[in-house]
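Undergrad: I'll drop the sequence and a predicted model, then ask my questions.
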Amino acid sequence: MRPHGCDRPGGLRRFPAGTRTGARAGLRRRCLAALVGLLVGAGALAMVAPFAWMVSTSLKPPQELVVLPPRWWPQDPTAAAYGEVLRRFPLLRVVSNSFLVASVTAAGQLLVSATSGYAFGRLRFRGRDALFLLYLGTLMVPFAVTVTPLFLIVRALGWMDSYAGLIVPGMFSAFGTFLMRQHFQALPADLEEAAALDGAGTVRTFLHIVLPGSGPALATLGVLAFLNSWNSFLWPLLVVSDERYMTLPLALATLQGRYPGLTQWNLVMAGTVIAVVPVLCVFFLAQRWVVEGITASALKG
């Protein structure tokens with residue numbers, strides 16, 4: 001009687017074909033995982049490299065800015081550029097203005113987009129879909145086309161050099177309405193039916209049942225609106241001439257010289273680091289909700 005796994009004298013073992021196929025499949029999976037990890041690592045390095053160069057340049061003394069070949073890390077790092085940035089403009093007031101404008105704009109956009117998204121997604125009225133498509137079509141209109149009439153409206157309302165002029169136009173977003181509508185359409189109708197049986201009206205259902213379960217979508221929209229307002233440069237440049245209402249992007253523009261050869265890039269990079277740090281903090285605090293909200297909206301759409 002031959003031992004198990006031997007098919008000829010001499011006891012030579014032959015493994016089943018399924019075992020070899022499974023080994024090859026496992027090897028392919030490991031190679032694919034290694035390739036994906038390599039690509040992700042390369043992409044992460046490509047994303048981090050500009051930030052590393054920004055920090056490195058902000059710590060360089062002026063004489064090291066023109067060294068060839070460029071050094072990734074300065075030989076004599078110094079934080080003098082940050083002190084010069086603090087001296088050139090009132091940084092605390094500028095950052096406070098940017099934080100106030102970005103926070104109120106994001107809150108207002110959440111309010112407007114959540115209510116309009118709920119109306120378009122859950123309420124039934126004549127012309128709802130046509131009106132939504134018309135509103136969504138404004139996404140295809142570039143800001144350069146609408147900036148002139150928007151500027152004329154703000155000037156007619158007397159909102160030049162004011163927080164209202166900086167905040168109110170950014171509270172209305174077709175993208176925000178679309179994002180919230182996609183989220184509300186995916187909610188089960190049983191929630192509203194149960195609320196109606198308990199005697200809850202539309203407003204109460206929206207405030208006490210729908211909104212509490214919309215945390216990821218609201219967090220996603222809030223972070224995106226905050227970042228967009230924080231980084232906005234063109235609109236504050238048009239409506240603000242008073243330094244009391246200057247936001248951080250406008251202040252950073254004053255660090256650049258009149259001609260390219262006169263720009264002190266260590267100052268520009270120091271100011272950029274100061275501007276990026278709050279944004280990174282906001283993103284990392286809400287990262288889980290942002291990823292969850294974007295993924296859910298994409299799958300439900």
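TA: Sure, I can see it.

Undergrad: Could you list the low-pLDDT ranges of the stretch 101-250 of the chain?
TA: Judged by pLDDT under 70, the stretch 101-250 of the chain has no weakly predicted residues.

Undergrad: which residues of it fall in helices?
TA: Taking DSSP state H, counting those that start in this stretch to define them, one finds helices in the stretch 101-250 of the chain at 128-136, 143-156, 163-167, 174-185, 189-197, 202-205, 215-230, 234-239, 248-253.

Undergrad: would JSON lines of these with mean neighbour count and distance to G108 be doable?
TA: In short, each C-beta sits where N, CA and C put it, glycine included. Below are those laid out as JSON lines (neighbours: other CB atoms under 10 Å; distance: least, CB to CB, whole Å):
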{"stretch": "helix 128-136", "mean neighbour count": "13", "distance to G108": "17"}
{"stretch": "helix 143-156", "mean neighbour count": "12", "distance to G108": "15"}
{"stretch": "helix 163-167", "mean neighbour count": "20", "distance to G108": "7"}
{"stretch": "helix 174-185", "mean neighbour count": "22", "distance to G108": "10"}
{"stretch": "helix 189-197", "mean neighbour count": "12", "distance to G108": "26"}
{"stretch": "helix 202-205", "mean neighbour count": "14", "distance to G108": "19"}
{"stretch": "helix 215-230", "mean neighbour count": "21", "distance to G108": "9"}
{"stretch": "helix 234-239", "mean neighbour count": "17", "distance to G108": "15"}
{"stretch": "helix 248-253", "mean neighbour count": "20", "distance to G108": "20"}
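
Undergrad: quick one: which of those is nearest L68?
TA: helix 248-253 (26.5 Å; CB to CB).

Undergrad: next structured bit after the closest one?
TA: Downstream of helix 248-253, the next assigned helix or strand under DSSP states H and E is helix 265-285.

Undergrad: Can you point out the buried residues in that next one?
TA: 265-275, 278, 282 (16 or more other CB atoms under 10 Å).

Undergrad: Let me know the closest of those residues to R24.
TA: For these, the nearest to R24 is V282 (47.1 Å; CB to CB).

Undergrad: Surely that closest one and A225 touch.
TA: No: judged on CB atoms under 8 Å, V282 makes no contact with A225 at a distance of 11.0 Å.

Undergrad: Could you check how far the residue nearest the centre of the chain is from A102?
TA: For the chain, the residue nearest the mean C-alpha position is L224 (4.3 Å; CA atoms, centre = their mean). Separation of L224 from A102 (CB to CB, to the nearest Å): 11 Å.
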